[in-house]
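what would the 3D arrangement of this be:
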Amino acid sequence: MAFTYTNSKGKQYFLHGRETTLKGTDKKQTIYFFAGEVKDGALDAVPAGRAVAESASGLPVLKKA
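Below is the predicted model of the structure:
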């Protein structure tokens, strides 16, 4: 079951993660994002050291805890 977050406006978002390779290097980095529906890469929990916050427009974002 994907981690869900309901914002102050009542819209539900699902947490996703994707590993990408940075341009110009071979370094890999995991990016985290919220989507309105469950897709490939959905995560079951917030990663360690991160916390969910809400922007002024109501979009959820992950911040360092």
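
from now on I want contacts and neighbour counts done on CA atoms only, so please keep to that.
OK.

tell me which element the residue of the chain positioned farthest from its centre falls in.
Note on the chain: the largest C-alpha distance from the chain mean falls to Gly24, namely 24.7 Å (CA atoms, centre = their mean). Using DSSP states H and E, Gly24 is not contained in any helix or strand.

show the pLDDT at it.
Listed pLDDT for Gly24 reads 88.

and it, how far from Ile31?
Using CA to CA, to the nearest Å, we find Gly24 at a distance of 17 Å from Ile31.

longest strand anywhere in the chain?
If you go by DSSP state E, the chain has its longest strand at strand 12-21.

with only the CA atoms kept, save it in PDB.
Presented in PDB, the C-alpha positions along strand 12-21 are these (Å, rounded to 0.1, in the frame of the first residue of the first chain):
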ATOM      1  CA  GLN A  12      -5.000  12.900  -1.700                       C
ATOM      2  CA  TYR A  13      -1.400  12.300  -2.900                       C
ATOM      3  CA  PHE A  14       0.800   9.200  -3.100                       C
ATOM      4  CA  LEU A  15       4.600   9.100  -2.500                       C
ATOM      5  CA  HIS A  16       6.900   7.800  -5.200                       C
ATOM      6  CA  GLY A  17      10.600   7.300  -5.600                       C
ATOM      7  CA  ARG A  18      12.800   6.900  -8.700                       C
ATOM      8  CA  GLU A  19      16.600   6.400  -9.000                       C
ATOM      9  CA  THR A  20      18.200   8.600 -11.700                       C
ATOM     10  CA  THR A  21      21.700   9.000 -13.000                       C
END
